[in-house]
Structure formats: structure tokens, C-alpha cells
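**Q** Predicted coordinates and the sequence they were generated for:
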Amino acid sequence: MRRFALIGLALALSACDTDATDPSKQPIVFTAALSAANETSAIGGGEGSGTGSVTITFSVPRDASGNVTGDGVWNVQANLTGLASTTTIILSHIHTGASGVAGPVFVNTGLTAANAIPIPNGAGLVNFTSVPITQAQAQTVMNNPAGHYFNMHSPANPGGVVRGQLVRQQ
């Protein structure tokens with residue numbers, strides 16, 4: 001009888017493990033290589049050497065086919081370098097637009113000049129956590145990540161200081 005109880009427990013734990021690896025329950029991860037050279041307008045203020053990387057994670061409910069079924073949140077971790085020692089990030093968001101094309105803001109992080117983030121010595125990490133995203137926004141980016149880019153803006157470069165096209169990783 002004890003052996004059957006252990007087998008039952010093993011099967012129950014196995015079912016839990018299967019659920020944890022269900023792709024519809026996993027976050028959706030995008031990355032982008034950020035560069036001042038990717039911006040569509042000239043970069044000034046000593047920020048023209050700016051580069052970095054960003055990892056964006058959507059946590060949204062999905063069905064078994066992977067389609068987004070409701071609103072959720074997104075998180076951002078950007079690692080910046082090569083900027084001027086006085087750089088401050090005043091805006092940051094996902095835009096709609098192909099490489100080399102300036103497009104409208106599509107999903108905003110909520111960053112403003114009032115809560116700007118200084119980048120001391122021209123390098124550092126910028127994080128945003130639990131930023132709301134709608135079902136439609138998440139599905140649109142998932143359907144065409146290359147048609148969207150992430151960029152960050154500074155006072156010296158209000159049109160954008162670093163930019164990169166999204167690439168889905170998972």
C-alpha cells in the first residue's frame with residue numbers, strides 16, 4: 001500500500017512539474033541591442049556613443065495556443081554604457097516602427113522628466129517593474145516584434161538617445 005502512495009505522490013508532483021513548464025504559463029521575453037546609431041535623428045550632447053541591451057518580459061495570461069487572453073504587466077531591464085556622464089533618462093517606451101523608421105509610442109513605461117533616472121558616469125542599469133500592458137498591446141508586439149522598437153530619451157536627445165528593434169527570445 002505504501003508503494004502505491006509513493007507512486008501516487010510521484011504522479012501528482014509530475015503533474016505539477018508539467019504545469020510549470022506549460023509554455024502558455026511562461027513569461028514572454030524580448031531583447032534588443034540598443035545603440036545611439038539606431039536612432040533616426042542625429043545624437044548630440046556627447047551621447048553619440050551610447051549603447052546597451054534591454055530585456056523585456058511580458059507576464060500576461062495566455063491560452064494553450066499561446067494567444068494572450070487578458071491584461072498583464074511588463075518588466076524592463078536595460079543596461080546602458082557610453083553615454084555622457086550627465087545623461088538622464090526622461091522617457092522610455094516601446095514604439096511601433098521598423099528599423100530606421102520613427103514611430104509612435106505604443107507601450108509606455110510611465111517614466112517622465114519628473115521622475116527621470118540619472119545615468120552616472122554614462123553607464124548603468126535602468127529597471128521598470130510591473131508596468132501595465134493590455135491584452136491587445138501584448139498580442140500585437142508578440143505577433144510582430146521586429147515591427148516594434150524600444151528606446152530611451154534624454155534631455156539632450158528628446159527624440160531618443162538609444163534604440164533597438166525587439167527580438168523574441170521565448
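**A** Received the coordinates, thanks.

**Q** In this structure Leu91 contacts Asn157, no?
**A** No. Using CB atoms under 8 Å, Leu91 is not in contact with Asn157; the gap is 10.3 Å. For the C-beta atoms, the positions are set from N, CA and C on the backbone; glycine is no exception.

**Q** Compare neighbour counts for those two and give me the winner.
**A** Ranked by neighbour count (other CB atoms under 10 Å), Leu91 and Asn157 place Asn157 first, with 24 against 20.

**Q** Quick one: classify the more buried one as helix, strand or coil.
**A** coil (DSSP: H, G, I helix; E, B strand; the rest coil).

**Q** just Gln139 next, same as before
**A** Three-state assignment for Gln139 (three-state DSSP): helix.

**Q** ok, the nearest residue to it once chain neighbours are set aside - contacts?
**A** Distances taken as CB to CB, 6 or more residues apart in numbering put Val68 closest to Gln139, at 4.3 Å, once the chain neighbours are dropped. Counting by CB atoms under 8 Å, 6 or more residues apart in numbering, Val68 touches 60-62, 135, 138-139, 142.

**Q** Among those residues, the buried ones, what's the PyMOL command?
**A** One line in PyMOL is enough to select the buried ones among the contacts of Val68; burial here means 16 or more other CB atoms under 10 Å:
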select buried, resi 60+62+135+138+139+142
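
**Q** My read is that Ala98 contacts Gly147, right?
**A** Yes. With contact defined as CB under 8 Å, Ala98 reaches Gly147; the gap is 5.9 Å.

**Q** who's the residue nearest to Gln139 bridged to?
**A** Beta-bridge pairing for Val68 (DSSP bridges): Arg62.

**Q** Secondary structure element for the spatially most central residue of the chain, which one?
**A** Computing the C-alpha centroid of the chain and ranking residues by CA atoms, centre = their mean puts Ile56 first, at 2.1 Å. Per DSSP states H and E, Ile56 falls inside strand 51-59.

**Q** who does that strand pair up with?
**A** For strand 51-59, pairing defined by DSSP bridges yields strand 28-35 (antiparallel), strand 72-81 (antiparallel).

**Q** among these, which is nearest Gly46?
**A** Closest to Gly46 of the strands paired with strand 51-59 is strand 72-81 (CB to CB; 13.5 Å).

**Q** any idea of the mean pLDDT for the closest one?
**A** Regarding strand 72-81, the rounded mean pLDDT is 98.

**Q** returning to what we had before: distance to Asn127 and mean neighbour count added to the strands paired with strand 51-59, as a markdown table?
**A** Output for the strands paired with strand 51-59, formatted as a markdown table (distance: least, CB to CB, whole Å; neighbours: other CB atoms under 10 Å):
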| stretch | distance to Asn127 | mean neighbour count |
| --- | --- | --- |
| strand 28-35 | 14 | 20 |
| strand 72-81 | 5 | 19 |
